[in-house]
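Colleague: Pasting a predicted model and its sequence here:
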Amino acid sequence: MSGPVLVLVEPAGDVADRVSLEALALGRSLATRLGVPLEAVLIGPGAGAIAPSLGAHGATTVHVVEDPRLAAYAPVAHGAAVVELAAARGAVAVVGPGTDRGAEVLAHAAARAAAPMAANVVALEPGERWRITRQRWAGSLLEDAWLDAPVRYLTVAAHAVAPVEDLTAPAPTVLPFAPHLRDGDLRVRVTGREAPVAGAVSLADARVVVGGGRGMGSAEAFGSLEALAGLLGGTVGVSRAVTSAGWRPHTEQVGQTGQRIAPDLYIACGISGAIQHIVGCKAAKRILAINTDPEAPIMARADYAIIGDANAVVPAIVAELRRSAGA
């Protein structure tokens with residue numbers, strides 16, 4: 001039997017990151033077609049706590065790297081651990097989530113293995129040579145290509161593959177793995193973190209995102225968007241123009257150079273809808289656009305639209321929601 005398909009899984013608190021679950025779904029499909037096991041790797045102290053849950057996503061074995069030197073994220077060291085594990089297991093492919101961290105770790109791993117790495121894959125067909133389809137140019141086009149190497153390294157485009165969960169699946173075997181890291185592997189590492197506001201809903205997990213753009217006019221105008229997001233159990237996202245103006249932090253940016261989101265509802269307020277922003281929100285199940293310009297590009301993407309000033313429309317929606325709730 002050939003070696004397994006190995007999937008890098010990123011923890012998000014005490015659960016697996018959603019994009020990692022999407023990577024597991026593609027990895028599971030690939031492993032099934034190849035007739036090989038699906039295995040996962042978790043890196044970092046305490047990461048092993050989520051290992052049992054990965055059985056429901058197809059992993060038969062989970063390798064846990066809990067080296068205390070990896071308490072802080074160190075991309076070169078993480079890549080070294082992945083490539084060493086892949087070699088030890090005889091992996092046929094290494095799959096990572098299409099996140100900033102997933103792409104960085106897989107790139108380091110592939111470079112160390114002297115192998116090519118395909119980013120943002122949405123589909124693949126194994127064979128003598130593997131045919132892959134991946135997103136290019138910020139997701140505005142799909143490219144078909146061949147990926148040919150002894151071990152294929154690839155990342156799965158965020159929100160392009162739906163997670164698949166089987167709660168009746170058996171728990172995976174959990175094995176520790178101790179990579180041979182060099183001091184040079186740890187020269188680049190995270191030295192500090194800024195904690196999110198307690199109780200805040202993250203953009204990555206929010207079911208509702210209320211987005212604001214340049215059309216809001218000022219930083220103060222985002223108060224109504226925060227109120228709407230709070231009433232809907234969601235969070236606020238912004239366009240790049242807003243972060244460039246210093247109105248809101250970069251952590252809230254949706255788009256090519258920000259976060260890619262997949263909420264049930266995205267309410268885009270005063271956002272024109274440049275392609276870089278559409279890349280970040282196109283996985284939303286429904287889009288409601290509020291804009292004074294009926295010809296704005298966002299209108300072509302929206303399921304519903306309100307032609308009007310978001311600074312007048314949003315407070316009216318907030319007032320009606322509060323009235324309906326008896327607040």
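Modeller: Cool, got the structure.
Colleague: Sheet partners, orientation included, of the longest strand that the chain contains?
Modeller: The residue-count maximum for a strand in the chain (DSSP state E) belongs to strand 117-125. Within its sheet, strand 117-125 is paired with strand 130-136 (antiparallel), strand 152-156 (parallel), according to DSSP bridges.
Colleague: average pLDDT across the last one?
Modeller: This points to strand 152-156. Mean per-residue pLDDT for strand 152-156: 97.
Colleague: Pull the distance from that strand to the chain's centre.
Modeller: Remark: strand 152-156 is offset 14 Å from the chain centroid, using Cα atoms, centre = their mean, to the nearest Å.
Colleague: Same check on the longest one?
Modeller: Computed by Cα atoms, centre = their mean, the chain-centroid distance of strand 130-136 equals 18 Å.
Colleague: Just after it, pick out the following helix or strand.
Modeller: Counting by DSSP states H and E, the next helix or strand C-terminal to strand 130-136 is strand 141-147.
Colleague: show me what contacts the nearest residue to Ala145 once chain neighbours are set aside?
Modeller: Among residues not flanking Ala145 along the chain, Ile132 sits closest, at 5.6 Å (Cβ to Cβ, 6 or more residues apart in numbering). For glycine as for every other residue, the C-beta is placed from the backbone atoms N, C-alpha and C. Contacts for Ile132 were tallied using Cβ atoms under 8 Å, 6 or more residues apart in numbering; they are 118, 121, 123-125, 144-147, 154.
Colleague: about what we covered before: closest to Ser272 out of the strands paired with strand 117-125?
Modeller: Ser272 lies closest, by Cβ to Cβ, to one member of the strands paired with strand 117-125: strand 130-136, at 22.1 Å.
Colleague: For Lys282, find the nearest of the strands paired with strand 117-125.
Modeller: strand 130-136 (10.4 Å).
Colleague: For that closest one, list the C-alpha coordinates in PDB.
Modeller: The C-alpha trace of strand 130-136 is given here as PDB (Å, rounded to 0.1, in the frame of the first residue of the first chain):
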ATOM      1  CA  TRP A 130      -2.100  14.800 -11.100                       C
ATOM      2  CA  ARG A 131      -4.400  17.300 -12.800                       C
ATOM      3  CA  ILE A 132      -5.300  20.200 -10.500                       C
ATOM      4  CA  THR A 133      -7.700  23.100 -10.700                       C
ATOM      5  CA  ARG A 134      -6.700  26.100  -8.700                       C
ATOM      6  CA  GLN A 135      -7.700  29.700  -8.200                       C
ATOM      7  CA  ARG A 136      -5.500  32.400  -9.800                       C
END
